[in-house]
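K.L.:
Give me the fold of what follows.
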Amino acid sequence: MLLAKCGASSDQQEPKYIQVQHCIVDKLSEHATVSAFIIKDQQQLEDLLNRLNSSGLVKMANEEEEPAAVTALPVNVIDFNDLEGGQLYLAQEASSILYSARRQPGSMVGAQKNEMTQAVERDAQAEDPSCVVQPELRKLTDSGGRDEMEVDGVIMCNDKAFALSHKSTYSGGSMITEIANKASTIQRKSALPEYAGTPYECFKGKEVVPVFMAENVVPEKSDIVRNACRVQRVRLYRRTGNTIGPWASMKRPERMAVAARGTMRRVLPRAPMHSILRVCGC
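P.N.:
Numbering: from 1, shown residues only. Have a look, this model is predicted:
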């Protein structure tokens, strides 16, 4: 009876991969960040809660889901058996559950989008120091001021612009095609006379580069995501632990191949002419 109530023994429990939004307090400010954890048992969950000074974890709503009206307190997860792998959680502080339930859908997604934007900006500035985030260009309108398009982040450089798409969970190739089409449309409309004076004009003369990231990608779809981004020339980012960085580069294999050939040319010594003549039988 006890086994039936408690479920499988701890040595049979599968590790659970989760992401947790929590607060970091430094000398200057308090800000939210998202960290990844692998929890193997009840003891590791309790250790995590103690480390985060949290009373429990509240499951976050995905950005694709419609936020439900808050009619009851959310579930505060403190038991390993109640933890769902692959989910996003909020580290709950004592006496703040109801407040966080009202604010959590937007704060979670917003924190993740900001992290992605900062990571892409950092990498872009390594290529071109002029690159800077332009949040006011996320929403693009026509000449009448009507909304036409929205992206999750924009980074402007001298000759390039990056259009970002951030998703909580990868659900299909249409997500990648969407940001590829948006980048192409932005670049095309930026040169059209009817879009002069609109936000599109800020992209005129620039190559608009699409960038995609999904917080959760099941392992069996990893190759599908990389191949789709390579074919559609979309820069792919991912979260590894607590950092965000490029997942794949279409140009990297070519550069590596050229570098390898160059290395071979440098390392292999040139054979003396008399040796070549002997081999040829001359």
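K.L.:
contacting residues for Gly153?
P.N.:
Going by CB atoms under 8 Å, 6 or more residues apart in numbering, Gly153 touches Lys113, Met116, Thr117, Val120, Val133, Pro135, Arg138, Phe162, Ala163, Leu164, His166, Val211. For glycine as for every other residue, the C-beta is placed from the backbone atoms N, C-alpha and C.
K.L.:
what sits opposite it in the beta ladder?
P.N.:
Bridge pairing for Gly153 (DSSP bridges) gives the partners Leu164.
K.L.:
Check it and give its pLDDT.
P.N.:
We note a pLDDT of 95 for Gly153 in this prediction.
K.L.:
The contacts of Gly153: which two are farthest apart?
P.N.:
Pairwise distances across these (CB to CB) peak at 15.2 Å, for the pair Pro135 and Val211.
K.L.:
so how far is Ala36 from the closest residue to Asp159 other than its chain neighbours?
P.N.:
Spatial nearest neighbour of Asp159, excluding adjacent residues (CB to CB, 6 or more residues apart in numbering): Lys206 at 5.9 Å. For Lys206, the distance to Ala36 equals 34 Å [CB to CB, to the nearest Å].
K.L.:
higher neighbour count, those two?
P.N.:
Applying other CB atoms under 10 Å to Lys206 and Ala36 shows that Lys206 carries more neighbours, namely 17 against 14.
K.L.:
could you list every residue that touches that one?
P.N.:
Residues near Lys206 by CB under 8 Å, 6+ apart: Met156, Cys157, Asp159, Lys160, Ala161, Gln187, Ser190.
K.L.:
That one and Ala91: what is the separation?
P.N.:
Taking CB to CB, one finds Lys206 at 40 Å from Ala91.
K.L.:
which intervals of the stretch 1-150 of the chain have sub-threshold pLDDT?
P.N.:
Residue ranges of the stretch 1-150 of the chain with pLDDT under 70: 1-12, 24-32, 61-74, 93-108.
K.L.:
Phi first, then psi, for Gly56.
P.N.:
In terms of degrees, to the nearest 10, the main-chain angles of Gly56 are phi 160, psi 180.
K.L.:
That one and Gln92 touch, don't they?
P.N.:
Yes - contact criterion CB atoms under 8 Å: Gly56 and Gln92 qualify, at 5.0 Å.
K.L.:
what is in contact with the two at once?
P.N.:
Residues touching both Gly56 and Gln92 by CB under 8 Å, 6+ apart: Asn76.
K.L.:
Settle it for me: which of these two has more neighbours?
P.N.:
More crowded of Gly56 and Gln92, by other CB under 10 Å: Gln92, with 23 against 20.
K.L.:
Return the residues in contact with that one.
P.N.:
By CB under 8 Å, 6+ apart, the contact list for Gln92 reads Ser54, Ser55, Gly56, Leu57, Val58, Asn76, Ser100.
K.L.:
Using neighbour counts, trim those to the buried set.
P.N.:
Neighbour counting with 16 or more other CB atoms under 10 Å marks Ser54, Ser55, Gly56, Leu57, Val58, Ser100 as buried within the contacts of Gln92.
K.L.:
Dump those residues to a markdown table, plus secondary structure and distance to Thr177.
P.N.:
As requested, those are exported to a markdown table (DSSP: H, G, I helix; E, B strand; the rest coil; distance: CB to CB, whole Å):
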| residue | secondary structure | distance to Thr177 |
| --- | --- | --- |
| Ser54 | coil | 39 |
| Ser55 | coil | 42 |
| Gly56 | strand | 39 |
| Leu57 | strand | 34 |
| Val58 | strand | 33 |
| Ser100 | helix | 35 |
